[in-house]
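Enquirer: Curious how this folds, go ahead:
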Amino acid sequence: MAYRYLGNKTRISEWIVNSITEILEKGSSIADPMCGTGTMSEAFARSGFTVHASDQLLFPVLHAKARLLYTGSYDFKPIAESYEQAIKFLNSLDPVEDFFWQEYSDEGIPQNGSKSRKYFTGSNAKQIDAIRFQIKQWRRNGLSNDACDLLLHDLILAINDVANIAGTYGYYRSSWNKSSLKKIKLVPSIPVDFTVNHTVQHGKVEDIASKLNVDGCYLDPPYTKRQYGGNYHILETIAQEDKPLPVGEGGLRDWSSESSAYCYKKYAKQAFHDTISGLSTKWVFISYSEDGQVPPDELLDLLSHYGNVERLSKPLTRYNSNNKVSKKGVVKEYLYILDKSNV
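Expert: Next comes the predicted model:
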């Protein structure tokens, strides 16, 4: 099961963690308020940190909950003998022609009159409709929010495996890729074995920053102009359990309330200022690419107004949206280490 997400730090997670552990002792607390897929949150947790993860979009919160909080203790008895039985039941549901089939399959007719959208085959879209309806019913009938959120997380990962996209959900491919023709299938998540109490919450970093009481804060802001709310609208619809009115040929949900100032060259520096100034923690660690909306030297200068700054770099082979090596060669990923203790 894959996490298909812009800026995923899987390739450099070990480097980031090792750099931070040279400063923060094992057992320290660290916030990850732009957690995305939860890759770094899980890496921090496995390295002995107490993690406080959050994101302004809801579907990343479901990922973080699965990767930090699910220890195998959720009670599925109200609807099934076990978690595995619940997954088996969802995989065996009869197909339903509903929202996803109408709006995001090759068989549907979108409400706004657009041509059929080939995000999913008709059969997979009908299974998605059946599964999301059943999970919502289970939630209404008393299955815990944690258990339902875990099932939605599993559904999102299964969707990623069969989505007919080039890399993000901003638009669909004109022809079917091989994986999109497979039958969608949910797979149970593996429980984590953490003994400390991590936390996960839903909210914007601007609202959460001033409330964080941690030893360090790791920031992984967007660095391209592509808004996450628009590029992952389908996954957010799964997490929200709603039926928004899709717009345009791509069928995007209204993501304006989740737009990030970091995606705009005009506003990105102010976004860094607003976030950094709101943090009371001593140590701030920032992942950012040399391709970011704020050039490396400008970001270094901006951060220097808040304390002492060190900048580490890591060269990476570029990948395009199809996860193939790009002809553009190498890109530098930076880790800015800010010590605010003297400010």
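Enquirer: Determine the number of other residues adjacent to the closest residue to residue 189 other than its chain neighbours.
Expert: Closest residue to residue 189 apart from its sequence neighbours, by CB to CB, 6 or more residues apart in numbering: residue 66 at 5.2 Å. (Each C-beta comes from the backbone N, C-alpha and C, glycine too.) Close neighbours of residue 66, defined as other CB atoms under 10 Å, add up to 25.
Enquirer: Shouldn't residue 66 be within a helix?
Expert: Yes: counting by DSSP: H, G, I helix; E, B strand; the rest coil, residue 66 is located in a helix.
Enquirer: Pretty sure it sits against residue 188.
Expert: No: with contacts counted by CB atoms under 8 Å, residue 66 stays clear of residue 188, the gap being 10.5 Å.
Enquirer: any idea how far the residue lying closest to residue 214 once chain neighbours are set aside lies from residue 176?
Expert: Leaving out its chain neighbours, the residue that sits closest to residue 214 by CB to CB, 6+ apart is residue 29, at 4.3 Å. Distance, residue 29 to residue 176, by CB to CB, to the nearest Å: 46 Å.
Enquirer: Not counting its own residues, what contacts stretch 145-157?
Expert: Stretch 145-157 is contacted from outside by 1-3, 59, 62-63, 65-66, 69-70, 74-76, 83, 86-87, 90, 128, 131-132, 135-136, 138-139, 186-189, 235, 238-239, 241, using CB atoms under 8 Å, 6 or more residues apart in numbering.
Enquirer: Out of the residues you listed, list just those in helices.
Expert: 59, 62-63, 65-66, 83, 86-87, 90, 128, 131-132, 135-136, 138-139, 235, 238-239 (DSSP state H).
Enquirer: shaky segments in the stretch 101-250 of the chain?
Expert: Filtered on pLDDT under 70, the stretch 101-250 of the chain yields no residues whatsoever.
Enquirer: can you map out the helices along it?
Expert: 122-140, 145-162, 205-208, 228-231, 233-240 (DSSP state H, counting those that start in this stretch).
Enquirer: quick one: buried residues of the first one?
Expert: Just to be clear, that refers to helix 122-140. 122-132, 134-135, 138-139 (16 or more other CB atoms under 10 Å).
Enquirer: Direction-wise, compare that helix with helix 233-240 and give the angle.
Expert: Helix 122-140 and helix 233-240 are oriented at 30 degrees to each other (axes from the mean of the first three to the mean of the last three CA atoms, to 10 degrees).
Enquirer: With only the CA atoms kept, save helix 122-140 in CSV.
Expert: C-alpha atoms of helix 122-140 as CSV (Å, rounded to 0.1, in the frame of the first residue of the first chain):
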residue,chain,number,x,y,z
GLY,A,122,-16.7,1.8,-12.6
SER,A,123,-16.4,-1.4,-10.6
ASN,A,124,-13.8,0.1,-8.2
ALA,A,125,-15.8,3.3,-7.8
LYS,A,126,-18.9,1.3,-6.8
GLN,A,127,-16.9,-0.6,-4.2
ILE,A,128,-15.5,2.6,-2.8
ASP,A,129,-19.1,3.9,-2.5
ALA,A,130,-20.2,0.7,-0.8
ILE,A,131,-17.3,0.7,1.6
ARG,A,132,-17.5,4.4,2.6
PHE,A,133,-21.3,4.0,3.2
GLN,A,134,-20.8,1.0,5.4
ILE,A,135,-18.1,2.8,7.5
LYS,A,136,-20.3,5.8,8.0
GLN,A,137,-23.1,3.5,9.0
TRP,A,138,-20.9,1.8,11.5
ARG,A,139,-19.9,5.1,13.0
ARG,A,140,-23.5,6.1,13.4
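Enquirer: neighbouring contacts of that helix?
Expert: 78-79, 89-90, 93-101, 104-108, 119-120, 145, 147-148, 151-152, 155, 159, 162, 180, 183-184, 186, 238, 241.
Enquirer: repeat that for 7 Å
Expert: Contacts with helix 122-140, where a contact means CB atoms under 7 Å, 6 or more residues apart in numbering, come from 79, 90, 93-101, 104-107, 120, 145, 148, 151-152, 155, 159, 162, 183-184, 238, 241.
Enquirer: Show the buried residues in those residues.
Expert: 79, 90, 95-96, 98-101, 104-106, 120, 148, 151-152, 155, 159, 162, 184, 238.
Enquirer: Would you indicate which residues of stretch 281-290 are buried?
Expert: 281, 282, 283, 284, 285, 286, 287, 288.
Enquirer: do the same with stretch 201-219
Expert: 202, 204, 205, 208, 209, 212, 214, 215, 216, 217, 218, 219.
Enquirer: go on, stretch 68-81?
Expert: 68, 69, 70, 74, 76, 79, 80.
Enquirer: How far off centre is that stretch?
Expert: 23 Å (CA atoms, centre = their mean, to the nearest Å).
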